[in-house]
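Novice: Here is my input, please return the structure:
(2 chains)
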2 protein chains.
Amino acid sequence: MDLAKGSQAPQESLDTDIESFFETAPPLRDDVDISRKLGEFIELNSPSTGKRIVCVTSGGTTVPLEQRCVRYIDNFSSGHRGAASTMYFLEAGYAVIFLHRRGTCLPYCRSLPEDSLLECFELTESSSVQVRQSHSEDVKRAIGYHHAAVEQGLLLKLPFTTIFEYLQILRMVATSMKSLGSHGMFYLAAAVSDFYVPWESMVEHKIQSASGPLDMRLAQVPKMLSMLRKEWDPMAFCISFKNVDFPFVTQQLETDSNILLKKADMALRKYKMHMVVANELLTRNEEVIVVTSTGRVIVHRDKNEADADVEKPIIKLVAERHSTYIQESCSTN
Amino acid sequence: MDLAKGSQAPQESLDTDIESFFETAPPLRDDVDISRKLGEFIELNSPSTGKRIVCVTSGGTTVPLEQRCVRYIDNFSSGHRGAASTMYFLEAGYAVIFLHRRGTCLPYCRSLPEDSLLECFELTESSSVQVRQSHSEDVKRAIGYHHAAVEQGLLLKLPFTTIFEYLQILRMVATSMKSLGSHGMFYLAAAVSDFYVPWESMVEHKIQSASGPLDMRLAQVPKMLSMLRKEWDPMAFCISFKNVDFPFVTQQLETDSNILLKKADMALRKYKMHMVVANELLTRNEEVIVVTSTGRVIVHRDKNEADADVEKPIIKLVAERHSTYIQESCSTN
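Specialist: Predicted coordinates for the structure are as follows:
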């Protein structure tokens, strides 16, 4: 989660940067609708029902380079981690607000192929639509579990594309979840842009190509994690992600692992996260290191179990720590 | 089609730029497979069978900013024009090589919703998968027509993501289609990046965020249209696109229309296109202006016909002009 990256700006300047980010961002088109959905979802799954709610963020944000957006900078992320984690959170009894990049992987859909509708279905001789035998189980699973979660009011999907949409919706979710106290959780797996072009300094029309090279200057996206912890939803249990892509040179692995862990420790302290999940690009589907204030835990997938995901033990650990956190919060208050 | 943009570089320097672009581009992983598919497709639809082949390009290309691509610049394009045009080309008797951005709109799929598999299907009480009544006709149409075109060997789908993949595959398609002479066509509707970061000057790992802003310098993508016309496939009939996004200030409309048409004329002459389709962002689904060496034709959708697309009369005009071109080429030779 790139929001957690270091900035040397003092708090006052950070607050001004954040204020200015939101003031100049293009307003959400569907904020009334999102607000209504959030209100209903949170009421339905309030602590009095015995439920907990987690907001899982997933996929990459885009940074428009032009106001009538033709060109934009994007952060690649398939959304597999967020989608798989959502599945295990639902299994663990959580209600999930799935704040995801439009078009990325949805919960229970990981096994489906690209262009899934065309690939998974065919017409019979009598021109009725039928699922192809080879994809039948995957399709049944996707449709069955996904629809059930939505219909039971346990899964709320909120899509975003730009960094502006992402941060505005995240703020809406967080301020709505504030009422949940320690029962709320943020699991921030999205790949959020570090740099952006402030909306008002952006050219209105398509950048015209001239004969020379194109020079661009991008501003840093202000670090919103501290705002989430300090103002939007101070009692929520918060998990962020730190990623590193490793060179293939083996002797550097340890060095880079150490850098990664130092960054994770820093994010934990600086942004007051409860847990930071440290990923290495090459091994992220096999194991991760979860950093907490009491130590580091290596979590790896169960190789004895067919189709076991690393997300399964991650969510188990996260849910356990969340339980402890809720107990501690209740006994303190 | 942004490839057609003006550059003042002399021919020799352009050739060096193009050579250097291909020499330094990351090699295609599946070039052997693409080459085999192209060979089979072109043989199956060779002029001796009475067929014509068109390569339709569709969707936007990405420009990676890091070699292990996390961040990239993207050109927004839904791919609707390319997908709709492909449909009408198939109706007009063409075989189509659909060179499209992975994940964008596919032919016959325009009416399907986002996340179409989840939206269009449901489980029955006996847990079998069925299409929802509300989407039944759209799904039947998509699956029926799409699969029929692929199975009859009339539609070859080749996906790309980056500018490197796009231009390398386009070159493979063009050199393979050279044998078709005037029976081949290129309908270049893709939104191709104007600027890129040369692969070798790219940082290997993720750009680290520091405390300051990020400065970037991007090089111009060399103009490949002239190479297509001069070397790759000199006899093919070529159509490119010029786009303009208009300000909402009415009095500027005429001025901007003129700029657009001048650019289209320039592309026609400079890159020796046979037709250039000039689009205005706000009206592009209603009408376009097709510029040819003999004059301009305004093409608009038939408002009396339900669901009529502007692509229908565009393809009708293009196919007619292609017929004339084939006749003229044959009588000349």
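
Novice: Just the residues contacting the top helix by length along chain A, thanks.
Specialist: If you go by DSSP state H, chain A has its longest helix at helix A:311-332. With contact meaning C-beta atoms under 8 Å, 6 or more residues apart in numbering or on different chains, helix A:311-332 is reached by A:52, A:81, A:84-85, A:87-89, A:91-92, A:94, A:181-183, A:185, A:187, A:235, A:237, A:239, A:274-275, A:277, A:288, A:290, A:292, A:297, A:299-302. Yep, even glycine has a C-beta here, placed from its N, CA and C like the rest.

Novice: Now, of the residues you listed, which are buried?
Specialist: Buried by 16 or more other C-beta atoms under 10 Å in any protein chain shown: A:52, A:81, A:84-85, A:87-89, A:92, A:94, A:181-183, A:185, A:187, A:235, A:237, A:239, A:274-275, A:277, A:288, A:290, A:292, A:297, A:299, A:301, out of the contacts of helix A:311-332.

Novice: Out of those residues, list just those in helices.
Specialist: A:81, A:84, A:85, A:87, A:88, A:89.

Novice: before we move on, back to that, mark which of the buried ones among the contacts of helix A:311-332 are part of strands, please.
Specialist: With strands taken from DSSP state E, the overlap with those comprises A:52, A:94, A:185, A:187, A:237, A:239, A:275, A:277, A:288, A:290, A:292, A:297, A:299.

Novice: If the second one is in a bridge, with which residues?
Specialist: The one in question is residue A:94. Beta bridges link residue A:94 to residue A:52 when assigned by DSSP bridges.

Novice: now residue A:170: how far from residue B:143?
Specialist: 38 Å (C-beta to C-beta, to the nearest Å).

Novice: Compare the two (neighbour count), which wins?
Specialist: residue A:170 (25 against 22; other C-beta atoms under 10 Å in any protein chain shown).

Novice: that's a helix at that one, yeah?
Specialist: Yes - the assignment for residue A:170 is a helix, going by DSSP: H, G, I helix; E, B strand; the rest coil.

Novice: Just the pLDDT for it.
Specialist: On pLDDT, residue A:170 comes in at 98.

Novice: Nearest residue to the middle of chain A?
Specialist: Residue closest to the average C-alpha location in chain A (C-alpha atoms, centre = their mean): residue A:57, at 2.0 Å.

Novice: closest point of the stretch 51-200 of chain A to chain B, which residue?
Specialist: As assessed by C-beta to the nearest C-beta, chain B sits closest to residue A:194 within the stretch 51-200 of chain A, at 4.0 Å.

Novice: pLDDT score for that residue?
Specialist: Value for residue A:194, per-residue pLDDT: 86.

Novice: Residue A:230 now?
Specialist: Per the predicted model, pLDDT is 93 at residue A:230.

Novice: Number of residues surrounding it?
Specialist: Residue A:230 has 13 nearby residues by other C-beta under 10 Å.

Novice: helices and strands around the helix or strand bottoming out on mean pLDDT in chain A, which ones?
Specialist: None of the helices or strands of chain A scores lower by mean pLDDT, DSSP states H and E than helix A:251-270, at a mean of 73. In terms of contacts (3 or more C-beta pairs under 8 Å, 6 or more residues apart in numbering or on different chains; DSSP states H and E), helix A:251-270 is packed against strand A:237-244, strand A:275-280, strand A:287-292.

Novice: do that again at 6 Å, thanks
Specialist: The contact analysis (3 or more C-beta pairs under 6 Å, 6 or more residues apart in numbering or on different chains; DSSP states H and E) places helix A:251-270 against strand A:237-244, strand A:275-280.

Novice: I'd like these laid out as JSON lines, including mean pLDDT and distance to chain B.
Specialist: What follows is the helices and strands packed on helix A:251-270, written out as JSON lines (pLDDT from 0 to 100; distance: least, C-beta to the nearest C-beta, whole Å):
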{"stretch": "strand A:237-244", "mean pLDDT": "89", "distance to chain B": "8"}
{"stretch": "strand A:275-280", "mean pLDDT": "89", "distance to chain B": "12"}
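
Novice: Switch these over to a markdown table; also include distance to residue A:73.
Specialist: Output for the helices and strands packed on helix A:251-270, formatted as a markdown table (distance: least, C-beta to C-beta, whole Å):
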| stretch | distance to residue A:73 |
| --- | --- |
| strand A:237-244 | 17 |
| strand A:275-280 | 21 |
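
Novice: Out of the ones you listed, which gets nearest to residue B:45?
Specialist: strand A:237-244 (46.2 Å; C-beta to C-beta).

Novice: How many residues are close by residue A:306?
Specialist: Residue A:306 has 6 nearby residues by other C-beta under 10 Å.

Novice: about what we covered before: restrict the least confident helix or strand of chain A to CA atoms and write it as PDB.
Specialist: Provided in PDB are the C-alpha atoms of helix A:251-270 (Å, rounded to 0.1, in the frame of the first residue of the first chain):
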ATOM      1  CA  GLN A 251      23.000 -12.300  -2.900                       C
ATOM      2  CA  GLN A 252      20.900  -9.200  -2.900                       C
ATOM      3  CA  LEU A 253      17.800 -11.000  -1.600                       C
ATOM      4  CA  GLU A 254      18.700 -10.600   2.000                       C
ATOM      5  CA  THR A 255      19.600  -7.000   1.700                       C
ATOM      6  CA  ASP A 256      16.400  -6.200   0.000                       C
ATOM      7  CA  SER A 257      14.400  -8.300   2.400                       C
ATOM      8  CA  ASN A 258      15.900  -6.200   5.200                       C
ATOM      9  CA  ILE A 259      15.000  -3.000   3.400                       C
ATOM     10  CA  LEU A 260      11.500  -4.300   3.000                       C
ATOM     11  CA  LEU A 261      11.100  -5.200   6.600                       C
ATOM     12  CA  LYS A 262      12.600  -1.800   7.700                       C
ATOM     13  CA  LYS A 263      10.000  -0.100   5.500                       C
ATOM     14  CA  ALA A 264       7.300  -2.200   7.000                       C
ATOM     15  CA  ASP A 265       8.400  -1.400  10.500                       C
ATOM     16  CA  MET A 266       8.500   2.300   9.600                       C
ATOM     17  CA  ALA A 267       4.900   2.200   8.200                       C
ATOM     18  CA  LEU A 268       3.800   0.500  11.300                       C
ATOM     19  CA  ARG A 269       5.200   3.200  13.600                       C
ATOM     20  CA  LYS A 270       4.700   6.300  11.400                       C
END
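
Novice: How about that helix, which residues are buried there?
Specialist: Neighbour counts over helix A:251-270 (16+ other C-beta under 10 Å) mark A:256, A:260, A:261, A:263, A:264, A:265, A:266, A:267, A:268 as buried.

Novice: Then stretch A:172-190?
Specialist: A:172-174, A:176-177, A:180-190.

Novice: Farthest-apart pair in these, please.
Specialist: Farthest pair in the buried residues of stretch A:172-190, by C-beta to C-beta: A:181 and A:190, 23.8 Å.

Novice: Wait, residue A:77 touches residue A:58, no?
Specialist: No - Residue A:77 is beyond contact range of residue A:58, at 7.6 Å (criterion: C-beta atoms under 6 Å).

Novice: Tell me which of the two has more neighbours.
Specialist: residue A:58 (28 against 22).

Novice: For that one, give me phi and psi.
Specialist: Per-residue torsions, residue A:58: phi -150, psi 140 (degrees, to the nearest 10).
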